[in-house]
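In: What shape does this take:
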Amino acid sequence: MEKAQGSPYWLRVGITLVVTTMLYNVVEAVIALWAGVEAASIALIEFGSNSVIELVAASVLIWRLRLEARGADSERVARADLVVHRFVGLSFMALALYVLIQSVWMLWHQEVPRASTIGMLLATASLIIMPLVSFGKLRAATEVGSRALRAEAKETLACSYLSFTLLLGLGANAALSWWWADPVAALLMIPWLVKEGLEGLSGKEHDAESRVAPASVSSS
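Out: As a prediction, the model looks like this:
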């Protein structure tokens, strides 16, 4: 059977970036959840929970990338890619549901988080680091021909958006007493999360890209 033709170099880059994301998410989740409990901040707890979801998605994606790295045939890699793509799509939907529930809860009860310097520093660090990691994953996904890696890279971008909304919400609350800024901003990302989740679960874009991936990869 035909071997998968992804670039070995970019395959290694993809694996390295996913592992790096996993390690960062462990640290991010622990700090965010701890700071969220200390500050009674739903936004911070939401942020930490997102890190856990992304950690699970990245763990499954590692299985798919290592499968290709071991020289699995292209058909088996394509099946694995579709499985992971749908799993990442499911995690997008779970994240959207979580954001919706937590944001509505916060608005309904008008819960105001206490100022959290640690939370703001963490959000700033993630806002700088995560887009860089995501762009690297997108490049690797293009070179390898992996829709699953591209979907997971977009989930990393979702983490960047959450970092922005978290920083905006905590900052606006601390400086202007706008307690509602964080949940409102978080709600604005739900349509994008649902769109990506539905695409992942349907696998339609994966099927379309899998028909053209071999030609684009082999030319690299």
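In: give me the low-pLDDT residue ranges for this structure?
Out: For the chain, applying pLDDT under 70 flags the ranges 1-6, 68-69, 72, 113, 203-220.
In: how about a cut-off of 90?
Out: Where the chain drops to pLDDT under 90, the residues are 1-21, 36-92, 94-96, 98-99, 101-117, 130, 140-197, 199-220.
In: which ones are touching the spatially most central residue of it?
Out: Nearest to the mean C-alpha position of the chain, counting by CA atoms, centre = their mean, stands residue 155 at 2.3 Å. The neighbours of residue 155, taking CB atoms under 8 Å, 6 or more residues apart in numbering as the test, are 54, 57, 88, 91-92, 95, 196. In this view, the C-beta of every residue, glycine as well, is placed from N, C-alpha and C.
In: can the residues you listed go into a markdown table with extra columns for secondary structure?
Out: Listed next are those as a markdown table, based on DSSP: H, G, I helix; E, B strand; the rest coil:
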| residue | secondary structure |
| --- | --- |
| 54 | helix |
| 57 | helix |
| 88 | helix |
| 91 | helix |
| 92 | helix |
| 95 | helix |
| 196 | helix |
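In: Please indicate which of the residues you listed has the highest neighbour count?
Out: Using other CB atoms under 10 Å as the neighbour criterion, residue 88 leads those with 30 neighbours.
In: my read: it touches residue 149, true?
Out: No. Shown here, residue 88 and residue 149 do not form a contact pair, counting by CB atoms under 8 Å, at 9.4 Å.
In: What count of nearby residues applies to residue 128?
Out: Around residue 128 there are 11 residues (other CB under 10 Å).
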